[in-house]
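Undergrad: Dropping the sequence and predicted coords here.
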Amino acid sequence: MSIWKYFADREREFRECSLHIPDDAVLFAAEEDERRGKIFGKVLFDGYPPSVYLAVHEDVVAKGTGFTRPRYAYFLVIDDCEVGGYERHETHDPAVHKHCSGQKDHEASPSRVMSFKDAVREAWKYVSEFAAPLGE
Amino acid sequence: MSTRHYYNAESLDRALREYESEYGMATAAFYERYASGERLELPEFAQHAWASFYEDILRMTGGSGIDRRSVTTRAHEAFACR
């Protein structure tokens, strides 16, 4: 699989998850050798204003015939408030963790490795409950 | 995806400058605190991305990082050494 195919698959997942990329935003980019790349930026929730978004960062590295995500971060933001998110970063202990206990700011707790779709599914629960949709 | 985009150490360094400007801290100072596990009063996503980009730059430059002196300064130094 090429890195461009990986990116195209993720772009399709955005649509399947009722997300969309802001006009003119560039979220996908590769290193020159095309064995590493990044997804970085905001994706918006269909039916909600731009102040409701998922901040996405993925480092993508070729492994075997596919790609892995050695680092990722998916954070839900509603009206400038970082509600919470999932993260994988080797610098942290534990490397795979979440920031969404709701108990106090900047609290991290262990998490399983989250797929992008699982992270979005979790984010949608909060968006549906706490964010104001367009037209309200 | 019609247009293919690429990044390199220089373009990632521009993102670091944005973070430095936004949060008023040099990248090296931020990273030292981040890597030590200190809880910083910055958005978690920004911390993650800032540290990731910095780690990428170090990897891509063999650990040396980006020389931020101006091209003119570097050219002058190179010229003066001849």
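TA: Perfect, I can see it now.
Undergrad: And for residue A:62, the neighbour number?
TA: 17 (other CB atoms under 10 Å in any protein chain shown). The C-beta positions use only the backbone N, C-alpha and C, and glycine is treated the same way.
Undergrad: Leaving out chain neighbours, which residue sits closest to it?
TA: residue A:35 (4.1 Å; CB to CB, 6 or more residues apart in numbering or on different chains).
Undergrad: Tell me who's in contact with the one you found.
TA: A:3, A:61-62 (CB atoms under 8 Å, 6 or more residues apart in numbering or on different chains).
Undergrad: So which residues make contact with stretch B:33-48?
TA: A:55, A:57, A:71, A:73, A:75, A:77, A:82, A:85, A:87, A:89, A:91-93, A:99, A:105-106, B:19, B:22-23, B:30, B:50-51.
Undergrad: Give the buried residues for it.
TA: B:34, B:42-48 (16 or more other CB atoms under 10 Å in any protein chain shown).
Undergrad: hang on, the earlier thing: report the buried members of the contacts of stretch B:33-48.
TA: Members of the contacts of stretch B:33-48 classed as buried by 16+ other CB under 10 Å are A:55, A:57, A:71, A:73, A:75, A:77, A:82, A:85, A:87, A:89, A:91-92, A:99, B:19, B:23, B:30, B:50-51.
Undergrad: Might you specify the subset of those residues located within strands?
TA: A:55, A:57, A:71, A:73, A:75, A:77, A:82, A:85, A:87, A:99 (DSSP state E).
Undergrad: ok, and which of those reach chain B?
TA: A:55, A:57, A:71, A:73, A:75, A:77, A:82, A:85, A:87, A:99 (CB under 8 Å from any CB of the partner chain).
Undergrad: Between which two of these is the distance greatest?
TA: The widest separation within these, taken as CB to CB, falls between A:71 and A:77 and amounts to 19.1 Å.
Undergrad: Let me know the pLDDT of residue B:74.
TA: On the pLDDT scale, residue B:74 is placed at 76.
Undergrad: likewise residue A:106?
TA: 55.
Undergrad: now do residue A:103
TA: According to the model, residue A:103 carries a pLDDT of 54.
Undergrad: Same question for residue B:64.
TA: Note on residue B:64: pLDDT of 88.
Undergrad: So what's the residue count around it?
TA: By other CB under 10 Å, neighbour count at residue B:64 equals 10.
Undergrad: nearest residue to residue A:14 other than its sequence neighbours?
TA: The shortest distance from residue A:14 to any non-neighbouring residue, by CB to CB, 6+ apart, is to residue A:43 (5.7 Å).
Undergrad: Quick check: bridge partners of that neighbour?
TA: residue A:54 (DSSP bridges).
Undergrad: what's the answer for residue A:78, then?
TA: residue A:52, residue A:81.
Undergrad: In contact with it, which residues?
TA: A:51-52, A:126-127, A:130-131.
Undergrad: and the two most separated of those?
TA: Maximum distance among the contacts of residue A:78 (CB to CB): 13.8 Å, for A:51 and A:126.
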